[in-house]
Every structure is written in C-alpha cells, then in structure tokens.
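**Q** this is a predicted model, with the sequence first.
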Amino acid sequence: MFNPKTEKIEKLAKQYPEIITKLEGIFAGKTNIYIDYANVAYWQNKLGWRFDIKRLKRFLDSFDNINAVKIYYGTLDGDKRSEELMNAFAKYNYDVKTKPVKIMRWSIDVSSIESNSPAILRDFISKPLLRKFKLETIEYLNQQLKELNDQGMKYIEVRKCNFDVEIGRDMLLDFERNGVDTFILWSGDSDFADPISQLIDDKKNVHIFATARRISRELSETGVQMFDIKKIKEFICRNKDL
C-alpha cells in the first residue's frame, strides 16, 4: 500500500501512477532495502543528477511494506563532509552500517628500478594488459612516474571501504531469521551474485535497483530482475537537478 509522506510525493504519484503501481508490485510482503552508497554515489556522476537522501527516504517510507532501509558507507575520520553525511543518514532514520575508510599508500617511486621494469606499474595495471605493452610504453610510463617523483610525489593514496561481505551477510540473515520476503539491492557489484542466486533459489523476491549498463555480467546471469532508478528520478533527486 502506498501512503505518500509529503504533499509533493502525493502530487508526483498522481503524475506517475504507473511507477507507483510498478513499485507496489515489487515491494511485495515484508521488504528490506540494502543500499551500497559508494555505488550510488558513483552512479550520480554518470546520471548527471544527484540523489537527495531526505527525499529518497521519505519516498521509500511511503510504501507500507518496506520494513527497513539499510545504507552502507564508510566513515572517513576527521573529514567534515563524511561526518555530516553520517549525521544526515541518522537524522532521516536510515539503518546505517559503517566502518572506517582505510587509506593505503601505494608507492610510485621508480628511483630504484630500471627504466624498462614493470615492477611499479604492475601494482596499477593488470598483468595480462601489461604484457601487451611494448617496451617503449613501459619506459614512457616509468618516465611519467619519474617526473612525478621529481615533483616530490613518491606515493598515491587509495581509499578503500568495501561492504560486499556485510551486505551479503545481512541479506541472508534477514532471510533466515527475520522473515523478509522481498530483497531490494542498490548495487551492481559482481560480488553479490552468490547471495542473490541463493535467495532466488529459495523462491524469494529479489530486485536490483541500478542504472542501465551499471550491473555486472555475473549479476545479470543470476536472472535477477532489475529496476532502472532513472524511472524514479522525479521522486528522489535534488530539486535543483529537476
């Protein structure tokens, strides 16, 4: 059952009744939503519009069958924007799952290797691709790294905070212990293929909410149904992007 939480949602629902009917059919029985926010944030750059987490939550809360909206995102200690985002998630009553972002330093210091050595490059380029490069290409790339070294740059920082294990675990636990009927995953990562396949085999209703061409081949091969989030842009994006 759809019960709009705001007047704006109610007006939009009258403009797009087919979308509401479609979602009412998807959100069948006790429904949990799992949002891999790092994926969602990446989609924004491709879509050309940004999500409004307040509007998104109020829209989802308008569907009575939705039991929980779980959002997964890393916290960068000492970063004001990261802290503000976490506070906003809590303010709008998301079920927040977080952990510290790991910052790793990867060396780009080529001072101790030969100019034609792939020793540093193999940390950034896959071996099959690296083997296709001509010797001149290796030397050129190492020269580019040397120029960065001469400017004082000896490493780059890589941020990592993956929630694939936590999301997959929560989905299976919600199936086994919490009587969830419908599982809605906002992500396109291939690592979810196994838990998705298991849920489908167990006759559960599973949908991927993503954008076209943004889900992995492994996920597509599970046969999971996909809903294109561009269809609900008017309900969930920032007002200035409309």
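**A** Right, received. Where do you want to start?
**Q** which residues touch the residue positioned nearest the centre of the chain?
**A** Compute the mean C-alpha point of the chain, and by CA atoms, centre = their mean the closest residue is Asn39, 1.9 Å away. Going by CB atoms under 8 Å, 6 or more residues apart in numbering, Asn39 touches 186-189, 210. Glycine gets a C-beta too; all of them are placed from N, C-alpha and C.
**Q** ok, so of those residues, who is nearest Ile138?
**A** Distance to Ile138 across the contacts of Asn39 (CB to CB) is lowest for Asp189, with 31.5 Å.
**Q** element containing the residue nearest to the centre of the chain, please.
**A** Per DSSP states H and E, Asn39 falls inside helix 37-47.
**Q** how far off centre is that helix?
**A** 7 Å (CA atoms, centre = their mean, to the nearest Å).
**Q** Asp228 pairs with what?
**A** Assessed by DSSP bridges, Asp228 has beta-bridge partners Ala210.
**Q** my read: it touches Arg213, true?
**A** No. If you go by CB atoms under 8 Å, Asp228 and Arg213 don't touch, sitting 10.1 Å apart.
**Q** quick one, which of the two is more surrounded?
**A** Taking neighbours as other CB atoms under 10 Å, Asp228 and Arg213 compare with Asp228 leading, 13 against 7.
**Q** return the residues in contact with Arg217.
**A** Taking CB under 8 Å, 6+ apart, one finds Ser190 in contact with Arg217.
**Q** same deal with Arg238?
**A** Applying CB under 8 Å, 6+ apart to Arg238 gives the contacts 49-52, 55.
**Q** pull out the buried residues from those.
**A** Buried members of these, scored by 16 or more other CB atoms under 10 Å, are 50-52, 55.
**Q** and which of those is nearest Leu23?
**A** Taking these together and measuring to Leu23 by CB to CB, the closest member is Arg55, at 15.0 Å.
**Q** what about that closest one, which helix or strand?
**A** Counting by DSSP H and E, Arg55 is found in helix 53-61.
**Q** so what touches that helix?
**A** Under CB under 8 Å, 6+ apart, the answer for helix 53-61 is 5-6, 9, 33, 66, 69, 88-89, 92-94, 232, 235-238.
**Q** farthest pair within the residues you listed?
**A** Maximum distance among the contacts of helix 53-61 (CB to CB): 22.0 Å, for Ile66 and Arg238.
**Q** give the buried residues for the helix ranked longest in the chain.
**A** Longest helix of the chain, by residue count under DSSP state H: helix 135-150. Residues of helix 135-150 classed as buried by neighbour count (16+ other CB under 10 Å): 138, 141-142, 145.
**Q** please save the CA atoms from it in PDB.
**A** This file holds the C-alpha atoms of helix 135-150, laid out as PDB (Å, rounded to 0.1, in the frame of the first residue of the first chain):
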ATOM      1  CA  LEU A 135      59.000  -1.900 -24.100                       C
ATOM      2  CA  GLU A 136      58.800   1.700 -25.200                       C
ATOM      3  CA  THR A 137      55.400   2.000 -23.500                       C
ATOM      4  CA  ILE A 138      56.800   0.700 -20.200                       C
ATOM      5  CA  GLU A 139      59.700   3.200 -20.500                       C
ATOM      6  CA  TYR A 140      57.400   6.100 -21.200                       C
ATOM      7  CA  LEU A 141      55.100   5.300 -18.300                       C
ATOM      8  CA  ASN A 142      58.100   5.000 -15.900                       C
ATOM      9  CA  GLN A 143      59.400   8.300 -17.200                       C
ATOM     10  CA  GLN A 144      56.000   9.900 -16.300                       C
ATOM     11  CA  LEU A 145      56.300   8.500 -12.800                       C
ATOM     12  CA  LYS A 146      59.800   9.800 -12.500                       C
ATOM     13  CA  GLU A 147      58.600  13.300 -13.400                       C
ATOM     14  CA  LEU A 148      56.100  13.000 -10.600                       C
ATOM     15  CA  ASN A 149      58.900  11.800  -8.300                       C
ATOM     16  CA  ASP A 150      61.000  14.800  -9.200                       C
END
